[in-house]
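**Q** Based on what follows, work out the 3D shape:
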Amino acid sequence: MKYILTLVFSLFCLGISSVYGQIPTGVPGPEDNSKIDLTSLADILIYIVMPIIIILLLLFRVRKNKNK
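**A** Model prediction:
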């Protein structure tokens, strides 16, 4: 009987913790995301120009190290 009460109590505590373990309020989620606005200069620089510059710099570095 003691083991059954312990088991029921443990399942009850685990059930409550899973209810409170959900995504907290006020934290951005996937539904809060917006599309990239290609009319905004900042979005163009961040999402298009900067990755291209980083890729070119990495390729230049690899080629420079390969020649040594």
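**Q** so where is this protein shaky, pLDDT-wise?
**A** 2, 14-24, 68 (pLDDT under 70).
**Q** can you do 90?
**A** 1-38, 63-68 (pLDDT under 90).
**Q** which residues of this protein fall in strands?
**A** Using DSSP state E, no strands are found in the chain.
**Q** hey, where'd the helices end up in this structure?
**A** For the chain, the helices defined by DSSP state H cover 2-20, 41-44, 50-67.
**Q** With mean neighbour count as new columns, can those helices be given to me in TSV?
**A** Any C-beta I mention is one placed from the backbone N, CA and C, and that applies to glycine too. Below are the helices of the chain laid out as TSV (neighbours: other CB atoms under 10 Å):
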stretch	mean neighbour count
helix 2-20	9
helix 41-44	11
helix 50-67	9
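**Q** so can I have CSV of these showing distance to Ser34?
**A** Shown next, in CSV, are the helices of the chain (distance: least, CB to CB, whole Å):
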stretch, distance to Ser34
helix 2-20, 30
helix 41-44, 10
helix 50-67, 19
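**Q** I'd like to know which of those is closest to Lys35.
**A** Comparing the helices of the chain by their distance to Lys35 (CB to CB), the top pick is helix 41-44, with 9.6 Å.
**Q** outside of that closest one, which residues touch it?
**A** 36-38 (CB atoms under 8 Å, 6 or more residues apart in numbering).
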